[in-house]
Every structure is written in structure tokens, then in C-alpha cells.
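Engineer: everything below, folded, please.
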Amino acid sequence: MIHSSRRQLLRTLGLSAAALPFTGILRAADPPPAPRRRIVFVFSPNGTVPDEFWPDSPGPDFTFKRILSPLTEFRDRTLLLRGISNKVRGDGDGHMRGMGCMLTGIELLPGNIQGGSDTPAGWASGISFDQELKNHLQSNPATRTRVGSLSLGVAVPNRADPWTRWSYSGANQPITPLDDPSRVFQTLYGGIKDKKTLGSVLDGVAAELRDFAAKAPPADRELLERHLTHVRELERKLQQTDAAPMRHPVPPPDPRLELVNDRIPEISRAQIELLVGAFANDDTRVATIQYTHSVGQARMTWLGIPDAHHSLSHDPDHAKESHEKLVKINQWFAGEIAHLAKRLASIPEADGQGTLLDHTTILWTNELGKGNSHSQDNLPFLLLGGGLGFKTGRVLDLGGIPHNRLWLAIAHALGHPLTTFGKPELCHDGPLPLA
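Structural biologist: This next block holds a predicted model:
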């Protein structure tokens, strides 16, 4: 007879619940836990170069063009979604709406920040999709993690405006990405040192309470004993935490790493390593990585390109030299995606069920489909990995649907059956069928 679970087997054997602690030998009959599913949203700015990004035709028989060539080894694990548009309108210029409405799927609030030739605007008027997913996963003990979500930046400037923020904890609540790897490390692991310090403090407190209790009048002794019990419980919790070291130790980043333009490649690799460590240690299951920002003027000097990125993106299509430089810039971003995928693929899951990449999806996108036109149609959406259970190794042409429907599909894949997200009118046809 095959039993569906240990609990059913115990009932069949006539064992009571009281016998449960003594039946460890039967634990192998339990169904394996559901695999951890993770997602990381990656942003690069100023549009792509469509003729060197999109394969020539949809379907499974496609070949990567130059921009995506660094991802060739992951071709069968990639899903390219052509024909997705940001249909959110309202205040703000194309870059502002492309940035602030991408993850939120809803309009920017009225404001006084002027951009381009369009109306001024403020922050986004709703929560971003990464934070919606974080809230859902944190609400369930089975998927809750120590750090609900991780917002990383690479060369994000020290200013706050709708061009520099794409993640929001709610309406009018932008999230500042952490662009200093040392700060990210402190956020993730700084508490380990704090716990050791707290442990020594608690030892002293417990000793003092015991001394006071021995001398205190009987009326006060009970209160002191309750305090002492509370301190012992805190010590026990700290000992439990220390008994379970990180599965994937993460070395601290080089503190000498300067946060300057020419060190962007090193900053990127440091942030990727911290993200991979956070996923491997199950510190978080939702993350974002933001490369520079909308209208970002990074100069890719390590590629031999001294020109500012945003300025290049506005050159006309017939400017061949600018075209080639933009291809190299976007190809570099694809190379960072490839590096992230390789690192995830190199680390086995804790339960032995495949690698981190098997249960992680990398989603790479942009605020514009094309820089010099400010188009928000045909946005570049690339999904890589197995975290959502979508069918990969293909290119789909979706004919101009709102990007809100992609967020619904991802939410459903992660067990969050949203019926709308962002602007409800853009969700009428429901989640995209991508499985």
C-alpha cells in the first residue's frame, strides 16, 4: 500500500499524535517541500536597438542577434516577449512614465517635476509589482524570508526623482536602491555581528537579574523571574540562529571599491554576487537590479565608448557610429545577465532539486522600446530561468498587449491569483498564457 503522507500512515498504524515525536524514521514518507521560486527584475535604460535585439521571427526556431549573443548558452532557457506595450498614460514625459509606470502599471501622480516637453509629474500612484510579490510571499510562513525583498542599484545617482526610481512600496513611496555593495552586505549580514554583541550583553543582564532576585523581597522576586525567563528565551533564539550558519558564505565586498562611472563593471559583479548569495541562503526571493537610471548618462569607457549613453540613444537611426555604440552598450548589459545566470546555474539548491537557476527567473526590461522615438511599444522583455514554470526556448509576438497582463501571469505563477494589477482597465483579458 502506498500512503500519501506520514500523517495518513500514522493513522493507519493506529498511532496517536502524541507518538509523533518518536516516529522520525517515517519522515521520508512526507512529500518533498515545494521548490523555492524566485524572481529578479533587471532594468537597463534608454531603450534598446530593435534591429539587433529581436530575432527575425517568432517561434522556437530563432537565433540571437548581436545584443543577445552573450546569452547563447541559455537560449533554451530564454523566453522573449515581443509586442508588449506600456499603455499607461497621464502626466510626465516618456522616460518618466516608462520608469515610474513599468513596475507599478499605473499613472504617475500630479507633481512639479518637469521633463522633456510633456506635463510635469510626481511619483507613481501605486505599489510596484516586486513589492506586491514581496508582500504576498511574506504573508505566508512557508515562503517568508529574513529579507522580504532586495533593491539593488548600479551607478544610481544621489538624487531622487521619477527618472531614478522604479520600485515603490505604495503610492508616493519610492524605494531607494542600494547601490553601494558594502551597504548591501551590511543590510544582509551586519546583524550577525550585532547578535554576538547582543549575546554578551544578555549574559550580563541575566547575571544581574539573578543577583537582584536573590536579594529582592518576595513581592518583587516573581517579576524579576519573569524578566529572567524572557532573557533566557532571547538567548535560546540567538543560539538557534548561530547554530545554522549560512549555507553559502558570502565574502564582504572590497571596501576600496569606488562608486564612480569607470568602476561600474566591478560594482555590477559585486552586486550580482551579493544577490546570488541572498538567493542561495534563502534570505530573499524577490529582488531588483537597476543599472543607472532613465536618461542615464553613464559613459561605457571600459567598452571604448566615451559618449554619454542617453545622448547616444537620441541619435538618428542613420548615424551608424552611434548605432554600433548602442549595440555594444546593450550587449554589455546582456553579458551581465549572462553572468548572473551562470552564477545561479553553478549553485545547487539546498534540497538537491536542481540549481538556483532552475527555480529563479531573471526578467530584463527597459523603460523604452527605442530611445530616439521614446516609444513605449514593443518593450524589450526577456525572461531567463525556470522560476515561473513558463515554456522557454521561444519567441512570442503578442501584438501590442498591456504589460500589466504579464505581471498578472507572473503573479499567478507564484501562487498569487491577482485579477488586476496597476490600472484595472489594462487587465481586462487577464494573465498571459505562458505556461
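Engineer: going forward, measure contacts between C-alpha atoms and count neighbours the same way
Structural biologist: OK.
Engineer: what's the end-to-end length of stretch 54-70?
Structural biologist: One end of stretch 54-70 sits 14 Å from the other (Cα to Cα, to the nearest Å).
Engineer: pLDDT on that stretch, on average?
Structural biologist: Average pLDDT, stretch 54-70: 97.
Engineer: now it, how far from the centre of its chain.
Structural biologist: 25 Å (Cα atoms, centre = their mean, to the nearest Å).
Engineer: buried residues in that stretch?
Structural biologist: 54, 55, 58, 63, 64, 65, 66, 67, 68, 69, 70 (16 or more other Cα atoms under 10 Å).
Engineer: in what helix or strand does the second one lie?
Structural biologist: Secondary structure here is read from DSSP states H and E; on that basis residue 55 sits in neither a helix nor a strand.
Engineer: dump the residue contacts of the residue nearest to residue 126 when sequence neighbours are not counted.
Structural biologist: Setting aside the residues directly before and after it, residue 126 is nearest to residue 171 in space (Cα to Cα, 6 or more residues apart in numbering), at 4.0 Å. Taking Cα atoms under 8 Å, 6 or more residues apart in numbering as the contact definition, residue 171 lies against 123, 124, 125, 126, 127.
Engineer: kindly recompute the last result at 6 Å.
Structural biologist: By Cα atoms under 6 Å, 6 or more residues apart in numbering, the contact set of residue 171 is 124, 125, 126, 127.
Engineer: count the neighbours of the closest residue to the last one other than its chain neighbours for me.
Structural biologist: When the adjacent residues along the chain are set aside, residue 127 lies closest to residue 170, with 3.9 Å between them (Cα to Cα, 6+ apart). Residue neighbour count, defined by other Cα atoms under 10 Å, stands at 16 for residue 170.
Engineer: pretty sure residue 170 is touching residue 129, no?
Structural biologist: No - counting by Cα atoms under 6 Å, residue 170 stays clear of residue 129, with 10.2 Å between them.
Engineer: helix/strand/coil for residue 384?
Structural biologist: Assigned with DSSP: H, G, I helix; E, B strand; the rest coil, residue 384 falls in the strand class.
Engineer: give the closest residue to it in space, chain neighbours not counted.
Structural biologist: Per Cα to Cα, 6+ apart, closest to residue 384 is residue 78, 4.5 Å.
Engineer: now do residue 428 against residue 416, distance only.
Structural biologist: Distance from residue 428 to residue 416, by Cα to Cα: 17 Å.
Engineer: next one: the helix or strand hosting residue 311 to chain centre, how far?
Structural biologist: Per DSSP H and E: residue 311 is located in helix 309-313. Centroid displacement of helix 309-313 relative to its chain, using Cα atoms, centre = their mean, is 27 Å.
Engineer: for the record, mean pLDDT for it?
Structural biologist: pLDDT averaged over helix 309-313 gives 97.
Engineer: repeat that for stretch 279-289.
Structural biologist: Average pLDDT, stretch 279-289: 97.
Engineer: bridged to residue 113, which residues?
Structural biologist: The bridge-partner assignment for residue 113, based on DSSP bridges, gives residue 121.
Engineer: and the pLDDT at residue 404?
Structural biologist: 98.
Engineer: okay, and which of the contacts of residue 171 map to helices?
Structural biologist: The members of the contacts of residue 171 all map outside helices under DSSP state H.
Engineer: of these - the most surrounded one?
Structural biologist: Neighbour-wise, the contacts of residue 171 (other Cα under 10 Å) top out at residue 124, 31 neighbours.
Engineer: pLDDT score for that residue?
Structural biologist: pLDDT, residue 124: 98.
Engineer: what does stretch 73-86 rub up against?
Structural biologist: Against stretch 73-86 from outside (Cα under 6 Å, 6+ apart): 376-379, 381-385, 392-403.
Engineer: which stretches of the chain form helices?
Structural biologist: 6-13, 50-53, 94-100, 129-138, 181-215, 218-242, 264-280, 309-313, 320-345, 404-413.
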